[in-house]
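>>> predicted model follows, preceded by the sequence.
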Amino acid sequence: MVINMGLFDKLKNILKKKEKVVEEVKKEYNVSDDELDKISVFDSDPTEEETLEDDYVPDEPELDEEIFADEEELDEELEDDDDEEELDEEEESEDEVEDDDEVVDEEEDIDEEDEDIEEELEEDTEEDLEQEEEAEEDEDDKEWAEFVKAHQKVEEAQDIVTYDKGLEKTRKEFVSKLSMLGIKYTKINEEYYEELEELLINADVGVNTVMNFMDRLRARVKEEKITDANYLNEVIVDELFIIYVDNDSLSDKIKMASEGPTVILMVGVNGVGKTTTIAKLAYKYKNEGKSVMMIAGDTFRAGAVKQLEEWAERTGSLFYGKENTDPAGVVFDGLVKAKEENVDIVLIDTAGRLQNKVNLMKELEKVNKVIGKHIPNAPHETLLVIDATTGQNGISQAKAFKEITNITGIVLTKLDGTAKGGIVLAIKDEVKIPVKFIGLGEKMTDLKTFDIENYIYGLFKDMM
């Protein structure tokens with residue numbers, strides 16, 4: 001039996017590293033998994049004390065006016081005495097002038113030498129000061145780099161734990177049954193394949209994806225002469241990982257504009273969590289220090305404009321919207337305002353009436369033209385929001401919207417509320433659109449950038 005487990009071994013190493021990161025952060029901050037999301041390393045600036053010391057200016061001492069008045073009278077008396085003495089001395093000094101000329105020349109030479117020495121000392125002092133300033137700057141840069149590194153490590157641990165909790169239902173349902181297959185069947189036979197096929201379909205991996213997967217799995221079992229079902233579990237994880245990666249990058253990031261606002265068009269049927277997702281994205285970008293504007297393009301649905309406006313207020317975002325008017329016109333005016341305000345991110349809500357596909361397609365075409373006219377190469381992203389709990393219906397929505405407009409990414413919401421986390425693989429395999437964000441809870445911080453490694457960790461950590 002020859003088994004090529006190179007990729008699976010890499011996955012195990014990834015999982016070990018992720019577990020190590022979580023444990024290190026928990027130990028460093030003395031918290032549990034549930035308390036991880038409360039950690040913030042940015043509560044204070046490590047260079048704050050130094051900044052305060054640099055800005056500190058001591059108060060001037062108070063002066064006693066009476067003392068200074070007495071001193072002035074005394075100075076005047078002394079000056080009168082000095083004037084009389086100077087008149088007597090002037091006659092005597094005239095005779096000594098000639099003798100002093102030579103002495104003066106010597107003193108001038110000495111003064112010149114002293115000036116040269118002083119200049120050299122000043123240059124040395126300036127160099128020392130510059131070196132000290134550079135050393136202080138290097139120390140500040142080092143402290144800040146360590147500060148940012150600590151923040152990134154905490155964020156990574158928080159993301160890992162969120163994936164772990166969010167995929168718990170799928171993991172318990174899918175992985176536990178997969179492990180039971182390894183116990184139930186000591187050898188790989190047709191019955192094993194049938195149960196595995198049913199298990200994958202129930203996890204919403206998708207019928208077409210499962211069929212292709214089973215063909216690849218059978219071929220690999222034959223080629224590598226695998227007979228043990230426990231060994232095969234590792235091959236299954238390996239192949240599922242390959243389905244998503246498929247020579248693509250492991251992390252699918254949002255395309256940001258090189259200059260001007262980044263425009264993100266949000267599409268999806270009503271009820272999938274589109275408005276809430278816009279709010280969570282706004283919260284995410286605001287926390288990253290970006291300015292955000294929401295534009296309400298779903299103008300005819302009752303309450304949609306008001307709902308988005310409330311989310312804008314809660315997240316500290318700018319807002320533009322009008323009810324019962326042409327969506328393209330609202331988008332046009334909103335983008336004018338966004339450019340005037342130098343906004344970084346523009347999030348545009350749209351109608352979700354998929355049942356009237358022709359009208360919706362025309363509406364989105366018009367909106368896209370307006371956006372492109374205002375901002376070159378925009379929209380930079382068109383994200384389709386899908387409710388993970390709808391299962392294969394979500395796949396159908398993805399296919400339908402793909403026919404209507406150019407979808408660049410998927411936002412998969414409510415993944416924590418289903419045991420069918422395999423839909424991530426089905427979307428990528430059947431629709432050929434990457435998942436860019438996943439919703440793993442109700443909190444504003446539970447919308448996470450999709451990371452295939454964290455996904456594999458959350459799904460299969462009990463097997464590795």
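Arrived safely. Numbering: from 1, shown residues only.

>>> okay, CA-based contacts and neighbour counts for the rest of this
Will do.

>>> please report phi then psi for A351.
phi -70, psi 160 (degrees, to the nearest 10).

>>> brain fart, E365
Dihedral angles (degrees, to the nearest 10) for E365: phi -60, psi -40.

>>> isn't it up against N406?
No - using C-alpha atoms under 8 Å, E365 is not in contact with N406, being 10.0 Å away.

>>> so how far is L281 from the spatially most central residue of the chain?
Geometric centre of the chain, nearest residue: E288, 6.3 Å, by C-alpha atoms, centre = their mean. Relative to L281, E288 is positioned 11 Å away (C-alpha to C-alpha, to the nearest Å).

>>> now the helices for the stretch 151-300 of the chain?
All helices of the stretch 151-300 of the chain, identified by DSSP state H, counting those that start in this stretch, fall at 168-170, 176-184, 190-202, 207-224, 229-245, 274-287.

>>> would you reformat these as JSON lines and include mean neighbour count?
Shown next, in JSON lines, are the helices of the stretch 151-300 of the chain (neighbours: other C-alpha atoms under 10 Å):
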{"stretch": "helix 168-170", "mean neighbour count": "21"}
{"stretch": "helix 176-184", "mean neighbour count": "15"}
{"stretch": "helix 190-202", "mean neighbour count": "15"}
{"stretch": "helix 207-224", "mean neighbour count": "15"}
{"stretch": "helix 229-245", "mean neighbour count": "18"}
{"stretch": "helix 274-287", "mean neighbour count": "20"}
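
>>> wait, which of those is closest to V424?
Distance to V424, taken as C-alpha to C-alpha, is lowest for helix 229-245 among these, at 8.2 Å.

>>> for the closest one, name the packing helices and strands.
helix 6-29, helix 176-184, helix 207-224, helix 423-426, helix 452-460 (3 or more C-alpha pairs under 8 Å, 6 or more residues apart in numbering; DSSP states H and E).

>>> and the ones you listed, which one's lowest on average pLDDT?
Among those, helix 6-29 carries the lowest mean pLDDT, at a mean of 73.

>>> for the protein, which helix or strand comes out least confident on mean pLDDT?
Sorting the helices and strands of the chain by mean pLDDT, DSSP states H and E puts helix 48-55 at the bottom, at a mean of 37.

>>> just for the stretch 201-350 of the chain, where's the confidence low?
Where the stretch 201-350 of the chain drops to pLDDT under 70, the residues are 246-252.

>>> so what's Y320 up against?
M293, M294, I295, A296, E309, V330, G334 (C-alpha atoms under 8 Å, 6 or more residues apart in numbering).

>>> can you select the buried ones from those residues in PyMOL?
Selection of buried members from the contacts of Y320 for PyMOL, criterion 16 or more other C-alpha atoms under 10 Å:
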select buried, resi 293+294+295+296+309+330+334
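
>>> where along the protein do the strands fall?
262-267, 292-296, 318-321, 345-349, 381-387, 409-413, 435-439, 447-449 (DSSP state E).

>>> quick check: angle from the longest one to strand 262-267?
Regarding strand 381-387 and strand 262-267, their directions subtend 30 degrees when assessed with axes from the mean of the first three to the mean of the last three C-alpha atoms, to 10 degrees.

>>> output the contacting helices and strands for strand 381-387.
strand 262-267, helix 392-404, strand 409-413.

>>> may I have that strand as PDB, with CA atoms only?
The C-alpha trace of strand 381-387 is given here as PDB (Å, rounded to 0.1, in the frame of the first residue of the first chain):
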ATOM      1  CA  GLU A 381     -16.500  43.900  -6.100                       C
ATOM      2  CA  THR A 382     -20.000  42.500  -6.600                       C
ATOM      3  CA  LEU A 383     -20.700  40.200  -3.600                       C
ATOM      4  CA  LEU A 384     -23.600  37.800  -3.600                       C
ATOM      5  CA  VAL A 385     -25.000  37.100  -0.100                       C
ATOM      6  CA  ILE A 386     -26.300  33.500   0.400                       C
ATOM      7  CA  ASP A 387     -27.900  32.000   3.500                       C
END
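
>>> just give me how far that strand sits from the chain centre.
19 Å (C-alpha atoms, centre = their mean, to the nearest Å).

>>> that one: partners in the sheet, and parallel or antiparallel?
Sheet pairing here is set by DSSP bridges, and for strand 381-387 it gives strand 262-267 (parallel), strand 409-413 (parallel).

>>> kindly reformat those as CSV containing distance to A203 and mean neighbour count.
Converted to CSV, these look like this (distance: least, C-alpha to C-alpha, whole Å; neighbours: other C-alpha atoms under 10 Å):
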stretch, distance to A203, mean neighbour count
strand 262-267, 25, 24
strand 409-413, 15, 26
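
>>> want to throw these into a markdown table with distance to G352?
Shown next, in a markdown table, are the strands paired with strand 381-387 (distance: least, C-alpha to C-alpha, whole Å):
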| stretch | distance to G352 |
| --- | --- |
| strand 262-267 | 7 |
| strand 409-413 | 15 |
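
>>> A157: which of those strands is closest?
It is, among those and with distance given as C-alpha to C-alpha, strand 409-413, at 21.2 Å.

>>> mean confidence (pLDDT) on the closest one, please.
94.

>>> that strand to helix 392-404, inter-axis angle?
Using the same axes, to 10 degrees: strand 409-413 against helix 392-404 is 150 degrees.

>>> pull the CA atoms of strand 409-413 into PDB?
Provided in PDB are the C-alpha atoms of strand 409-413 (Å, rounded to 0.1, in the frame of the first residue of the first chain):
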ATOM      1  CA  GLY A 409     -17.400  36.800  -4.600                       C
ATOM      2  CA  ILE A 410     -19.800  35.000  -2.200                       C
ATOM      3  CA  VAL A 411     -20.700  36.100   1.400                       C
ATOM      4  CA  LEU A 412     -22.000  33.000   3.100                       C
ATOM      5  CA  THR A 413     -24.100  33.900   6.200                       C
END
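
>>> what's it in contact with?
Counting by C-alpha under 8 Å, 6+ apart, 272-273, 277, 381-388, 433-440 sit against strand 409-413.

>>> how about T170, nearest residue that isn't a chain neighbour?
A419 (3.8 Å; C-alpha to C-alpha, 6 or more residues apart in numbering).

>>> in JSON lines, list the strands of the chain along with distance to A426.
As requested, these are exported to JSON lines (distance: least, C-alpha to C-alpha, whole Å):
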{"stretch": "strand 262-267", "distance to A426": "20"}
{"stretch": "strand 292-296", "distance to A426": "31"}
{"stretch": "strand 318-321", "distance to A426": "36"}
{"stretch": "strand 345-349", "distance to A426": "26"}
{"stretch": "strand 381-387", "distance to A426": "13"}
{"stretch": "strand 409-413", "distance to A426": "12"}
{"stretch": "strand 435-439", "distance to A426": "11"}
{"stretch": "strand 447-449", "distance to A426": "18"}
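
>>> having no further points to raise, I will conclude here.
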